[in-house]
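A.B. asks: Would you be able to build a 3D model of this:
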Amino acid sequence: QPNFCFISQFYIGSGSICCLGYSQMMEEFDFPQFGHTMVMCVLKDVKNMKDVVKSLRSGQVFASLLKASLIPDAFLLRVATHKALELQQRNTMKTNTIFSEILYNLYPRKQIRQAFTDVGAGKNDKDIIVIAIRDNSSPDEDGMSGVLDLVDGNVVSVKTLSDSWDRDAVEKTFGVSTANKSTEDVVSDISTILTAKWI
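C.D. replies: As a prediction, the model looks like this:
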């Protein structure tokens, strides 16, 4: 896991891997200071994204759906979720839901509508990231099961992100150079850009 100098400011929590059914492929990360846990997984070779996007737009999906090609490491997801929960607690979110706020926090610029287009999973995407949020006072309830019931795809480990991200797409979206850089260095560059947006 990357170790960045701003980690204490934006990323405080404790992680674990759960182990039942599909859950062995999911990663949970608890943010006790906010009373919530993020649950995330990667879905590959999704065959019905058109239907998934339709359900998302109609308010039937309670999760963030992101392009997996843009995220080289789950660290970025944890940082974006931490920031979203912090803003939710302060009642200062820029978007309408915690799920859209997580997505927006992963976009390097301030145009909300463009963030949904560039970072959010679209009907032509085959590999997506799903982030659900669980209230720790209701540990059996989160939106992940609903998404997994809806999506026709293969659940794989979040750890596969480091092997499947698209360098060209990352350069175009985040404006960073990836040439001759390790995944850790690219994640550090993206994190710096995102942090600057939040300041």
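
A.B. asks: ok, the most centrally placed residue in the chain - contacts?
C.D. replies: Among the residues of the chain, the one closest to the centroid is L77, at 4.2 Å (Cα atoms, centre = their mean). Contacts for L77 (Cβ atoms under 8 Å, 6 or more residues apart in numbering) come out as 38, 40, 66, 71, 102, 106, 129, 131. Yep, even glycine has a C-beta here, placed from its N, CA and C like the rest.

A.B. asks: Can you tell me the SS state at the second one?
C.D. replies: Going back to what we said before, that points to M40. Assigned with DSSP: H, G, I helix; E, B strand; the rest coil, M40 falls in the strand class.

A.B. asks: Touching, it and V158? I think so.
C.D. replies: Yes - applying Cβ atoms under 8 Å as the test, M40 and V158 come out as touching, 5.8 Å apart.

A.B. asks: Between the two, point out the one with more neighbours.
C.D. replies: For M40 versus V158, the count of surrounding residues by other Cβ atoms under 10 Å is larger for M40: 24 against 20.

A.B. asks: That one - nearest residue in space that isn't next to it in sequence?
C.D. replies: I131 (4.8 Å; Cβ to Cβ, 6 or more residues apart in numbering).

A.B. asks: Would you mind measuring from the one you found to E101?
C.D. replies: The gap separating I131 from E101 is 11 Å, by Cβ to Cβ, to the nearest Å.

A.B. asks: which of these two has more neighbours?
C.D. replies: Neighbour count, other Cβ under 10 Å: between I131 and E101, I131 has more, with 27 against 23.

A.B. asks: Go through the helix or strand harbouring that one and flag the buried ones.
C.D. replies: Assigned by DSSP states H and E, I131 belongs to strand 128-135. The neighbour-count check on strand 128-135 (16 or more other Cβ atoms under 10 Å) flags 128-134 as buried.
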